[in-house]
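[1] Build me a model from this:
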Amino acid sequence: MRAFVWRRAAAIAKKEVFHILRDPFTMAVALVLPVLMIVVYGISMKFDVKNVAIAVCDFDRTQDSRRLMETFGSSGYFRIHRVVSPAAALADVSSERDRAAMIIPPNFQRDLIGGRGARVQILVDGTDNSTVGPVVGYVSTIQNIASSRLAHFDMSGPYEVRTRFLFNPELSSAWFVIPGLFGVIMSILLILLTALTVAREWENGSMELLLSTPVQPLEIITGKIAPYTVLSIIAILLIYGIARAVFHVPFVGNLGVFALGCFIFMVTYLSIGILISVTTRNQVVAMQLAQMAGMMPSTLLSGFIFPISSMPLVFRYLTAVLPARWYIMISRDTFLKGSSFLDLGVAFMSMTAFCLFMIALAVRRFKKDIEP
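    Predicted coordinates for the structure are as follows:
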């Protein structure tokens, strides 16, 4: 087997650069798509539920019942909508005009003053699981606040519990979503770029000309990947700048650790794109496979939205071989926790192993193509 020659790889990379410069679609995908995705997803994806519409039916109409409603309304989490009957409240919840309903029964203030245990009924729309949990949590917290305001006796206990949220004190959705979006955007972008490039060569007939020369598969892959690596670095810098300047996401970690994680992730997914491209030799099929290999695992099985610890055991094991899972961990931990290279050792080893495996597989598949 002939030795690897950097000059031949550089010539292929130069040829690929000319293709990119003549193709506005590639430039748009590489530089415009990441910006659009992070802006749209960063603004639209909100996990903190606020201004929940709640229908309130107050049968008591006393000072204490009004104070209870004011406590819910002034919290910032609920928007009070008064109705005249429980049937009207249920109708509003059924029509999704309101997400919850609160029924304050008659004699609420009298039972409260008499110490007989005043009761209030809360009805929550259970069809949307994404809001049920936060709404129930808000109700529990506001209930404690309301109890201290409405009680006519001393409710002070022997101790006080104070909660402090680490790494994301305000529980900002942007701080959680944006670092994870690095993995989602880059996995889609990287596979899509390289999956199309070699398939386009096969469709245009230029790959046969390239393979007729004494060029090694690894040289072709290196030359093909190099320009897209540069484009990907520019895209990551754009995403990083938007995350810091527009969404004000803090970065408390080491930039070198984050950059190393980005580089390994880039090479891994560019290699996957090359593998798809040399296997399909068709741009339409390559694009479909790129979306399946890039979008689905990075959004559903990477921990970007759904916690991996909550998944069934078989899927938890499956995510261990997905580079997107480890890259999102590196991104979030370096952004918010300031984790070091040693703290993220398992993630780096897992990504590196998968990266080397994909490079070897792409080279092996390419080798089969050039042999008669």
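[2] Count residues in the vicinity of Ala364, would you?
    You called it Ala, but residue 364 is Arg. Neighbours of Arg364 under the rule other Cβ atoms under 10 Å: 11. The way it works is simple: take the backbone N, C-alpha and C, and place the C-beta from them, glycine included.
[3] and what of Ser140?
    9.
[4] cool, and the one 5 residues further on?
    Each residue near Ile145 was counted by other Cβ under 10 Å, and the total is 13.
[5] which ones are touching it?
    71, 75 (Cβ atoms under 8 Å, 6 or more residues apart in numbering).
[6] Return the set of buried residues in the helix or strand containing it.
    Using DSSP states H and E, Ile145 falls within helix 129-150. Within helix 129-150, the residues scored as buried using 16 or more other Cβ atoms under 10 Å are 131-132, 135, 138-139, 142, 146, 150.
[7] Which residue in those has the weakest pLDDT?
    Among the buried residues of helix 129-150, Leu150 has the lowest pLDDT, at 70.
[8] okay, and for this protein, where does confidence drop off?
    For the chain, applying pLDDT under 70 flags the ranges 1-2, 130, 151-163, 205-214, 367-372.
[9] Would you map the strands across it?
    52-58, 78-83, 100-104, 121-124 (DSSP state E).
[10] coming back round to it: could you dump the helix holding Ile145 to PDB, C-alpha only?
    As requested, the backbone C-alpha atoms of helix 129-150 are provided in PDB (Å, rounded to 0.1, in the frame of the first residue of the first chain):
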ATOM      1  CA  ASN A 129     -47.500  16.700  29.900                       C
ATOM      2  CA  SER A 130     -44.900  19.400  29.300                       C
ATOM      3  CA  THR A 131     -47.000  21.900  31.400                       C
ATOM      4  CA  VAL A 132     -48.500  19.600  34.100                       C
ATOM      5  CA  GLY A 133     -45.300  19.200  36.100                       C
ATOM      6  CA  PRO A 134     -44.400  22.900  36.200                       C
ATOM      7  CA  VAL A 135     -48.000  23.900  37.000                       C
ATOM      8  CA  VAL A 136     -48.200  21.500  39.900                       C
ATOM      9  CA  GLY A 137     -44.900  22.700  41.200                       C
ATOM     10  CA  TYR A 138     -46.000  26.300  41.000                       C
ATOM     11  CA  VAL A 139     -49.300  25.500  42.800                       C
ATOM     12  CA  SER A 140     -47.400  23.800  45.600                       C
ATOM     13  CA  THR A 141     -45.000  26.800  46.000                       C
ATOM     14  CA  ILE A 142     -47.700  29.400  45.800                       C
ATOM     15  CA  GLN A 143     -49.800  27.400  48.300                       C
ATOM     16  CA  ASN A 144     -47.100  27.800  50.900                       C
ATOM     17  CA  ILE A 145     -46.900  31.500  50.300                       C
ATOM     18  CA  ALA A 146     -50.600  31.900  50.400                       C
ATOM     19  CA  SER A 147     -50.900  29.900  53.600                       C
ATOM     20  CA  SER A 148     -48.500  32.300  55.400                       C
ATOM     21  CA  ARG A 149     -50.500  35.300  54.200                       C
ATOM     22  CA  LEU A 150     -53.900  33.900  55.000                       C
END
